[in-house]
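Peer 1: sequence and predicted structure below; questions after.
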Amino acid sequence: MSRDALVVGINTYKYEGLSNLQAPASDAEAIAQLLEKHGDFKVWRLPEAINQESGSSYIGGKIKVTLAQLEDSLIKLFNPQAKSVPDTALFYFSGHGLRRTLGIQEGFLATSDSYPEARFYGLSLQGLRRLLQESPIKQQIVWLDCCHSGELLNMNEADPGDQGQARDRCFITASREFEKAYEDISEPYSVLTKVLLEGLDPSRYPERWVTNYSLVDFLNQHLKGVPQCPTFHNFGEPINLTRTWEIKPAESTSENNSAICPYKGLEYFDCNEEDPKYFFGREKLTDRLIVKMRQCNFLAILGASGSGKSSVLRAGLLHQLKLGQKLGGSQQWQFYLMLPGEHPLQNLAKVFLEPDLTQVERAEQLKKAQELLTEGANGLCHLVQASDAPRVVLIIDQFEEVFSLCKNEVDRQKFIECLLGASEQVKDQLSLIISMRADFFSKCLESEYSSLTDKIKDNLMVEPMTQEELRRAITLPAQRVNLGIEPELVEQMVQDVKGSPGSLPLLQDTLTELWKNINDNTLELGTYAQLGGISGTLNQRANKVYEDFDTRRQEATKHIFLYLTQLGEGTEDTRRRVLKQDLVTPKYQETLIDEVVQKLADEKLVVTSFLGEKGLEAERVAVVDVAHEALIRHWGKLREWLDENRVLLQKQKRIADYARIWQENQYQSDLLLRGNLLLEAEDIFIKYTDELPEQVQKFVIASVEERVQQQQRAKVTIGAMAVLAAFVLGLGLYSYVQALGLHFEEQYNKLITGGSAEPEQLKVLSKALQKAKWEAKKGADTTAIKTYKEILRAAQNIEESIQEIPNKFSDNAQKKIEDIQEDTEISLAKLVKEHYIPALEKELNKPKPDFGILKPGAKLSDFENQFTGALKTTYEVLMGSPGLAADSIYKNGSLDSNEVIFLPCQTLKTIDYLWRQATNGNCGFHGEDSWLAPNCQELKGETLTFILFESEKPIRKHLQNCEITPSSHSTLPSNSNICS
């Protein structure tokens, strides 16, 4: 490996305006000796002097260097004419710097013959940059310790960035363009060179190379607080600089931990402690982004969905900027990362909140930030200028959400104007970085966003990875954890992925599945084929998760993914983040949603997170998102769902958007639906009530109420419109049916004899169920219980009719009846558990409970007064009012077959459990082997069944249906199942 270095130190100058210097020659000689001894460099010195005694060369402090000599030496170094060129070339310069202003500013490295008055300045920095760009040398190193004259130089003029043939570059200068370098009179070396010598000392790393990256780390640490702050730019892979040659073999940096999966599935690589360790293949793109950061304060990263924009933004660019190894001083910057979401201005305000605030402090800061942002760009400038950091970097990932999720045109316009205005007003303090799906660029072309279009035109497009980059992305993460991978597998995956702009999530997901199915610590081609390859793995896995669910959970899965998909309008469908509570509907209750979301998250099909600061639990709410848009594009079943339901989904989400605006504006009546929109919403409400979120239902009902009130004020009555209004204005179930013009059974029989059409009663029951739930939430327990019982009674009547004419009723309608019954029982049991069971639990949990007795001579008409103690409380829960009032049909203190259905199985199980818990398992609705309980001394050998109910036959049959029988006693549900 050939390594050449040109080391220049100029002390002597001809021009009177350039004072002679003391440090450059000694600076350069010290660098030259260190590179020869510890870097294996062949060093050329300029100006070169020969020690007469030893014959060795050194930097001559009194010897002049002409421009011609410097140019010839640089050409020889970076553009050699020999057949073989060195692998590495290093140029070090110490001396004066000059600046020329002729319309534009241009910097120079002053040579001894520089004479500014004759417009002869020395070596042009721009010329040096062109030489570096044309150089065939793959590893280029330039260190410039100049500007001693006090001239203000822009050293970036000499830095070619990512241009040219060089694979790796290291560029370090003595000062920024607005600072001057200086010599420390107490030291033999200038400030930068002194720290360079210390950083290059290989004794700091006795068993490994000093690289350009570790050198920059050292400079950052040891030049803190020093007026002369270095500017540097590292590009590409690490360049080895110096080392101790008596070196032991370097220890492997692999973690040797097969429990670590080095791949990310459908998630992006983030900027954190772990992800950047395994992020490979985008090094060149990351370097190009860093070069762009040096050149301007606005950076747009565009690419197809699945091209890896978020990963390169976070684990690539942001990670490197925080390290500060590739761009001088970037580790001191303040970084704010955000997603626009539905309310981009609100989310922008939140990123400026300080961490670890109390809830009150957070609210105060948020209010101030929001008030500032109402001022637009000026307000954002104030927030930026409040930072102590030399630069604020505002990073907006998934910028397309400004168009796909933000529905408020005014907010969108203000947000964009705020960002662009601030980036112009405080361009020296603010850098703005956005990533956006390329198919949304057309949205920016609309006239109102022309300023954004102008900015994004100079964007950086994320292209598909090259084959070599794909190999790195596949193999290097595996090497990090000492994971084997068959070469044939690598090549097959590269061939399957190459040229596909949106395939990276599929690649990572497939690699993750291969890791899960690892054999002998090796990823194998055979397993890859079994999984279905790149295109089939995700589809196969998603299908398996779905098929493992029962019917109820499959329906919930479909509901979740449809709700998490933002339908495209002239663009592809995208994902959207939603509050988990917004997924909850009457049909898909919270416990079901929690369970299914958790399973989907475990399988990496969705991701969950929280909004709000850690420690402020009152403000933290769960958020759910599709793991990646690749799932929307490549899961066949989801594509089918979207295609089948697209029109309906568009209508539902349009209504949901109106409902959200209504809620956000304090429920203003002028924001309610009217006209055709209301008719459309009513139709959806009637057909899909139990699938709509509660807030949407309230919005539709409020709209209907408003219309009815307007009609009443205008003395207008329209029968068809009054149907729904009769229900929402508080009428009971049967009143609502009567408003339809038919009694319940008559209506059902009319429909059932007409064919397979779904009975209108199902819609009635669904509306009634929602009414009962709203009543329960409002605290109207007695009214809610009454409605729940009416639903159960009506459902029983329909079931009996189904048994009489089974072939005249669709399977779907029967299934819906069962779902309504189950939902009603669960909701009724939940209400009883919350409001009535606690009194019984408290009584039975006393140290010495009063179990109670049946009073001598008591009659059924005495109702709860037949009993004392816990027996009385139990009766009140089941038969009393307030309570379930199960005998409400005949009100005779006894239960027949039409009334026992009002006792939810879950409530009976809870009561049975509480009694057994209080009596060491002896007392309940049955004994150990029969309906008698001889071991129940507390109730004198009786059971609750015989004591509480006059006619035990209907209740015994109901208990058997609830699996509360002597034979089922050994399998009684646990406490967590009964009382949760």
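Peer 2: Good, I have the coordinates. Because the structure is predicted, anything quoted here is derived from the model rather than measured. Numbers count the residues shown, from 1 in each chain.
Peer 1: hang on, residue 236 packs against residue 167?
Peer 2: Yes - in this structure, residue 236 is within contact of residue 167 by Cβ atoms under 8 Å, at 5.2 Å. All C-beta spots, glycine's among them, are computed from the backbone N, C-alpha and C.
Peer 1: low pLDDT regions in the stretch 701-850 of the chain?
Peer 2: Residue ranges of the stretch 701-850 of the chain with pLDDT under 70: 714-761, 778, 805-809.
Peer 1: which residues in it form helices?
Peer 2: Secondary structure of the stretch 701-850 of the chain (DSSP state H, counting those that start in this stretch): helices at 719-728, 733-740, 744-752, 760-777, 781-804, 811-835, 837-844.
Peer 1: looking at the ones you listed, which is buried most?
Peer 2: The highest average neighbour count among the helices of the stretch 701-850 of the chain, using mean count of other Cβ atoms under 10 Å, belongs to helix 760-777 at a mean of 22.
Peer 1: for that one, name the packing helices and strands.
Peer 2: In terms of contacts (3 or more Cβ pairs under 8 Å, 6 or more residues apart in numbering; DSSP states H and E), helix 760-777 is packed against helix 675-688, helix 719-728, helix 733-740, helix 744-752, helix 781-804, helix 811-835.
Peer 1: can you do 7 Å?
Peer 2: Helices and strands touching helix 760-777, by 3 or more Cβ pairs under 7 Å, 6 or more residues apart in numbering; DSSP states H and E, are helix 733-740, helix 744-752, helix 781-804, helix 811-835.
Peer 1: so which of the ones you listed comes closest to residue 696?
Peer 2: Closest approach to residue 696 among the helices and strands packed on helix 760-777 is made by helix 811-835 (18.0 Å; Cβ to Cβ).
Peer 1: ok now that closest one, how far from the chain's centre?
Peer 2: Distance of helix 811-835 from the chain centroid (Cα atoms, centre = their mean, to the nearest Å) equals 35 Å.
Peer 1: got a list of contacts for it?
Peer 2: Helix 811-835 has contacts (Cβ atoms under 7 Å, 6 or more residues apart in numbering) with 586, 758-759, 762, 765-766, 769, 772-773, 776, 781, 784-785, 788, 791-792, 795, 798-799, 802, 877, 884, 904-907, 910.
Peer 1: go again with 8 Å.
Peer 2: 586-587, 589, 690, 758-759, 762, 765-766, 769, 772-773, 776, 781, 784-785, 788-789, 791-792, 795, 798-799, 802, 877, 882-884, 904-907, 910, 979 (Cβ atoms under 8 Å, 6 or more residues apart in numbering).
Peer 1: what's the answer for stretch 511-518, then?
Peer 2: Under Cβ under 8 Å, 6+ apart, the answer for stretch 511-518 is 258, 261-265, 474, 477, 483, 489, 493, 523-524, 527-528, 530-531, 537, 541, 604.
Peer 1: rerun at 10 Å
Peer 2: 258, 260-267, 473-474, 477-478, 481, 483-485, 489, 493, 522-528, 530-532, 534, 537-538, 540-541, 604 (Cβ atoms under 10 Å, 6 or more residues apart in numbering).
Peer 1: same deal with stretch 196-206?
Peer 2: Counting by Cβ under 10 Å, 6+ apart, 27, 30-31, 33-35, 37-39, 92, 143, 145, 172, 174, 189-190, 208-211, 214-223, 230, 241-248 sit against stretch 196-206.
Peer 1: which of those fall within strands?
Peer 2: Mapping these onto strands (DSSP state E) picks out 92, 143, 145, 172, 210, 211, 241, 242.
Peer 1: could you identify the most distant pair in the residues you listed?
Peer 2: 145 and 211 (19.9 Å).
Peer 1: more neighbours: which of these two?
Peer 2: Using other Cβ atoms under 10 Å as the criterion, residue 145 and residue 211 rank with residue 145 on top: 30 against 21.
Peer 1: may I have the beta-bridge partners of the more buried one?
Peer 2: Judged by DSSP bridges, the bridge partners of residue 145 are residue 94.
Peer 1: okay but it is in contact with residue 26, surely?
Peer 2: No - using Cβ atoms under 10 Å, residue 145 is not in contact with residue 26; the gap is 11.6 Å.
Peer 1: anything in contact with each of those two?
Peer 2: 9, 94, 189, 190, 193.
Peer 1: among those, pick out the one closest to residue 921, please.
Peer 2: residue 193 (86.2 Å).
Peer 1: nearest residue to that closest one in space, please, no chain neighbours.
Peer 2: residue 27 (4.1 Å; Cβ to Cβ, 6 or more residues apart in numbering).
Peer 1: neighbours of the one you found, how many?
Peer 2: Residue 27, neighbours per other Cβ under 10 Å, totals 30.
Peer 1: would you mark the buried spots in stretch 327-343?
Peer 2: 327-331, 333, 335-343 (16 or more other Cβ atoms under 10 Å).
Peer 1: between the residues you listed, which is closest to residue 414?
Peer 2: residue 343 (11.2 Å).
Peer 1: backbone dihedrals for that closest one, please?
Peer 2: Dihedral angles of residue 343 (phi, psi; degrees, to the nearest 10) stand at phi -130, psi 80.
Peer 1: what does the model give it for pLDDT?
Peer 2: Residue 343 is assigned 92 on the pLDDT scale.
Peer 1: so it sits against residue 406, correct?
Peer 2: Yes - proximity of residue 343 to residue 406 meets the contact threshold set by Cβ under 10 Å, at 7.0 Å.
Peer 1: distance of the residue nearest to residue 193 from residue 687?
Peer 2: Separation of residue 27 from residue 687 (Cβ to Cβ, to the nearest Å): 82 Å.
Peer 1: now do residue 361
Peer 2: 48 Å.
Peer 1: who has more neighbours, residue 236 and residue 167?
Peer 2: Remark: of residue 236 and residue 167, residue 236 carries more neighbours, 20 against 15, as counted by other Cβ under 10 Å.
Peer 1: from residue 216, how far off is the more buried one?
Peer 2: Applying Cβ to Cβ to residue 236 and residue 216 gives a distance of 14 Å.
Peer 1: can you check residue 84 too?
Peer 2: From residue 84 over to residue 216 (counting by Cβ to Cβ), the distance is 30 Å.
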